[in-house]
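Asker: The following block contains a protein sequence and its predicted model.
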Amino acid sequence: MVILQNIINGLLIGGLYASVALGFSLVWGVMNVINLAHGAFIMIGAYVTFWIYYFFKCDPFVTIPFSMAFTFILGYLIQKYLINLVVKAQVFMVFILTFGIEIFLMNISNLICTADFRSVNPRYAGAGISLGGILIPYIRLAICFIALFLTYLLNLFLNKTKTGNAIKAASLDKEAAQLVGVHIGKIYTMTFALSAAFAGGAGSLIAMIVAISPYMGGTYTFKAALIACLGGLGSIPGVVAGGLVVGMAETMGSHFISPGYKEFIGFVLLVFILILRPEGIMGKKFFAEVKH
Amino acid sequence: MKKLLPVLVAVASVTFFAGTVLAQDVVRLGCSISLTGKLTYEGKATRDGYEFYKALINKKGGLNIGGRKYKVDIKYYDDETNVQTSTKLIEKLITEDKIDFILGPYGSGPSFATSAITEKYKKVTVLPMAASPEVFERGFKYMFGMIATTDVYLKDIFYLAAQQNPKPKTVAVLWKNDLANKGLADPVPRFCKDNGFDLIYNEKFSAGASDFSAELTVIKSKNPDIFAFLSQLEQFIMAVKQIKDMKINGKIIMNGIAVPQPDLVKSLGKDAEYMVGPTHWYRTFKYKDSLFGDSPNFVREFKQMFNYEPEYHSVGATAGIQALGIALEKAGVLDVEKVRNALATMNVNTFWGPIQFDEKGKIKGRTMPVGQILNGQFTLVYPPELAEAKLVWPKPAW
């Protein structure tokens, strides 16, 4: 029974992890940008949810479109006026810039929101389904479904729309995409804004289960990097697979080995998968090759 | 130019003499503290405690050192919640800013690291927020801790639980793998043995963990009477949400650090109700001194200055800098060795309680009163002479 409960726990948290890594993987895969500010967008999404919930007593799930819209605009502006400056530079420059953006966003949030810990605790927190001793909290179940739904939406967008196809084309071969009329600058801006929006959406979901503070983002940037590498850069199904694998590995590792080695287990898994399958679980050749 | 010269001379003379007359003797203290990063909340609360003392003592004319009045000045650096940065900044305070008296950071980990630097340079440091016993086990001579160490934090909670009827039998403890929480968890097997409890679960989790569902599932299956989740505030908030999700109904759910912090109730609302934890200080403390008066007066004046009610971080920091101030006055000179000796032989009563240090630099005789969140307020439930309410036992089910 305990194992069954932990399998469900692993799946529920895995779904959330997938949504955390979605934007990170997209930007890395398409733009070859390792966005160290990814966690900061998650944090901002969490704060948007918190403040709407706090001032308007609005259901936290209803706030998701607002936090996505806000982080979309923020991501758009940051890409257009900052990241575009270094997108053709060496990877190291991008690291420095995105790291700087993360520090800036954290400190601005600290100034505006203070360092107090906040939490979104709706009336139905703690309620759940009980199936023969297995507990499934409503909030976690809803978070997992919404996270997977957002992932599905992004996949649909990339495969079924003209802009989505252009993003995919840019990720496969930038020069060829330009030759057929894709405006790389616009596509990069759209990709980064989308990535920020999905990070904001993930932040709204996370707000319901953690303590919100300006410094919460760093943990999720590393988690996103782990999942994106594991699943295969730029691959949306890969992100889902990576999220679920990490969620299950952490939960089962905690169950069978020790909770103290939870994060260690995730990284050991990454090393093994990269040895056996360097492109990640669902990564493909030509997708997201790191260019120096 | 000839006309201008007398004017310049006059201005220079006035400036010089005014400067000489107005110049005030100043005792400079240094502090590297977390003003950004994960421990911003705790760092700022600690800094406010230092600033409160500084404002009050300077308002009274400053410290009386060897018959002269010295204003207190504190130089702060932000360690960004990074221990390596903290040690570098302490070295900078000592070697570049030439500061001899150091005020400690928030937390056992940073205190452990920075005190190694102050000891190397033989500079005095007070550590108001160092709770791990390991900080004091290195034979250092120049550091002085102001709070009870973590090995006694949970002692009275276990004792209190053992007095309840029906007596609880089983204990589960899940703790964050850092210096402070390891210090809290280490003596739990002894507390269990002393009080006749059976320790059925004892595991640690890594410092960056944000999901405890796997651990809580196992704990739920064991159905402990007493559950100790040992971490700082951020992870305790996450844990309480998950404990509620999993419907873990311990008769006591405790934490060693976060329960007196107002953000717990602000974040969790009624879900924080009945959580139990120890505190270093409480508003019903009956100690007094001439600078701060009694505890209600301390709270009132602090609130006037900072617009929030202080809890133990700020109050402990004030006590730490006050102890250093008393030592400076007693030494009568700004000599490190003499101030160090004044601290080592100190025996005074302050609003914080009696201050006397043992040979390791730990404050003597401090215990940890026990509080419980009742009606949205951290309320003292033990010891009886300070308690404002009775422990709600068992904790009502979720």
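Answerer: Sure thing, it's come through.
Asker: Domain ranges for chain B, per the record?
Answerer: Chain B breaks down into these domains under automatic domain parsing: B:25-148+B:284-355, B:152-280+B:369-382.
Asker: From the chain's centroid, how far away is the shortest one?
Answerer: Here domain B:152-280+B:369-382 shows a centroid-to-chain-centroid distance of 19 Å under the convention Cα atoms, centre = their mean, to the nearest Å.
Asker: First-to-last residue distance for it?
Answerer: Length of domain B:152-280+B:369-382, first residue to last, Cα to Cα, to the nearest Å: 14 Å.
Asker: Could you see whether chain A lies near that domain?
Answerer: Yes: contact of domain B:152-280+B:369-382 with chain A (Cβ under 8 Å from any Cβ of the partner chain) involves B:174, B:177, B:203-206, B:208-215, B:217-218, B:221, B:233-235, B:237-238, B:241-242, B:244-247, B:263, B:266-269, B:271. To be clear about C-beta, it is placed using only N, CA and C from the backbone, and glycine gets the same treatment.
Asker: Inside helices: which ones of the residues you listed?
Answerer: Of these, the ones assigned to helices by DSSP state H are B:213-215, B:217-218, B:221, B:233-235, B:237-238, B:241-242, B:244-245, B:263, B:266-268.
Asker: thinking again about what came up before, using CSV, lay out the domains of chain B together with mean pLDDT.
Answerer: Converted to CSV, the domains of chain B look like this (pLDDT from 0 to 100):
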stretch, mean pLDDT
domain B:25-148+B:284-355, 95
domain B:152-280+B:369-382, 94
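Asker: who does B:F378 bridge with?
Answerer: Counting by DSSP bridges, B:F378 is bridged to B:I373.
Asker: B:V370 is in contact with that one, correct?
Answerer: No: at 10.5 Å, B:F378 does not count as touching B:V370 under the criterion of Cβ atoms under 8 Å.
Asker: Need the overlap of contacts for those two.
Answerer: Here B:F378 and B:V370 have B:277, B:279 as joint contacts, going by Cβ atoms under 8 Å, 6 or more residues apart in numbering or on different chains.
Asker: Comparing those two, which residue is more hemmed in?
Answerer: Between B:F378 and B:V370, counted using other Cβ atoms under 10 Å in any protein chain shown, the more crowded position is B:V370 (28 against 22).
Asker: wait, isn't that one in contact with B:L380?
Answerer: Yes: contact criterion Cβ under 8 Å: B:V370 and B:L380 qualify, at 7.2 Å.
Asker: Quick one: low-confidence residue ranges for chain A.
Answerer: Residue ranges of chain A with pLDDT under 70: A:284-292.
Asker: Tell me which stretches of it form strands.
Answerer: Ranges of strands in chain A, per DSSP state E, are A:128-131, A:134-137.
Asker: outside of the first one, which residues touch it?
Answerer: Contacts of strand A:128-131 with the rest of the structure, by Cβ under 8 Å, 6+ apart, involve A:135-138, A:140-141, B:245.
Asker: Please, a ChimeraX command that selects the buried ones among those residues?
Answerer: ChimeraX command restricting those to the buried ones, with burial defined by 16 or more other Cβ atoms under 10 Å in any protein chain shown:
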select /A:135,136,137,140,141 /B:245
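Asker: ok, the contacts of strand A:128-131 vs A:F95, which is closest?
Answerer: The closest of these to A:F95 turns out to be A:R140 (Cβ to Cβ; 33.8 Å).
Asker: now the closest residue to A:V86 other than its chain neighbours: how far from chain B?
Answerer: Closest residue to A:V86 apart from its sequence neighbours, by Cβ to Cβ, 6 or more residues apart in numbering or on different chains: A:M93 at 4.6 Å. If you measure A:M93 against chain B using Cβ to the nearest Cβ, to the nearest Å, the figure is 23 Å.
Asker: dump the residue contacts of the residue nearest to A:G253 when sequence neighbours are not counted.
Answerer: In this structure, A:G253 finds its nearest non-sequential neighbour in A:I265, 3.6 Å apart by Cβ to Cβ, 6+ apart. Residues in contact with A:I265 (Cβ under 8 Å, 6+ apart) are A:249-250, A:253, A:257.
Asker: Now with 10 Å, please.
Answerer: A:246, A:249-254, A:256-258 (Cβ atoms under 10 Å, 6 or more residues apart in numbering or on different chains).
Asker: Just the buried residues of those residues.
Answerer: Among those, those scoring as buried are A:246, A:249-254, A:258 (criterion: 16+ other Cβ under 10 Å).
Asker: Looking at those residues, which is nearest B:K360?
Answerer: Using Cβ to Cβ, the buried ones among the contacts of A:I265 come closest to B:K360 at A:S258, 32.5 Å.
Asker: how about the closest one, phi and psi?
Answerer: Dihedral angles of A:S258 (phi, psi; degrees, to the nearest 10) stand at phi -170, psi 140.
Asker: For it, give its distance to chain B.
Answerer: For A:S258, the distance to chain B (Cβ to the nearest Cβ) stands at 6 Å.
Asker: Now that residue: closest residue in space, sequence neighbours ignored.
Answerer: Once flanking residues are discounted, A:S258 sits nearest to B:E203: 6.4 Å by Cβ to Cβ, 6+ apart.
Asker: Correct me if wrong: the one you found contacts B:K222.
Answerer: No: look at B:E203 against B:K222 with Cβ atoms under 10 Å: they stay out of range, at 11.3 Å.
Asker: okay, the strands of chain A in JSON lines with distance to B:C192 next?
Answerer: Below are those laid out as JSON lines (distance: least, Cβ to Cβ, whole Å):
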{"stretch": "strand A:128-131", "distance to B:C192": "31"}
{"stretch": "strand A:134-137", "distance to B:C192": "28"}
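Asker: mind checking which of the ones you listed is nearest A:I78?
Answerer: A:I78 lies closest to strand A:134-137 among the strands of chain A, at 34.7 Å (Cβ to Cβ).
Asker: Give me the helices and strands touching that closest one, please.
Answerer: Other elements packing on strand A:134-137 under the criterion 3 or more Cβ pairs under 10 Å, 6 or more residues apart in numbering or on different chains; DSSP states H and E are helix A:2-31, strand A:128-131, helix B:213-222, helix B:233-245.
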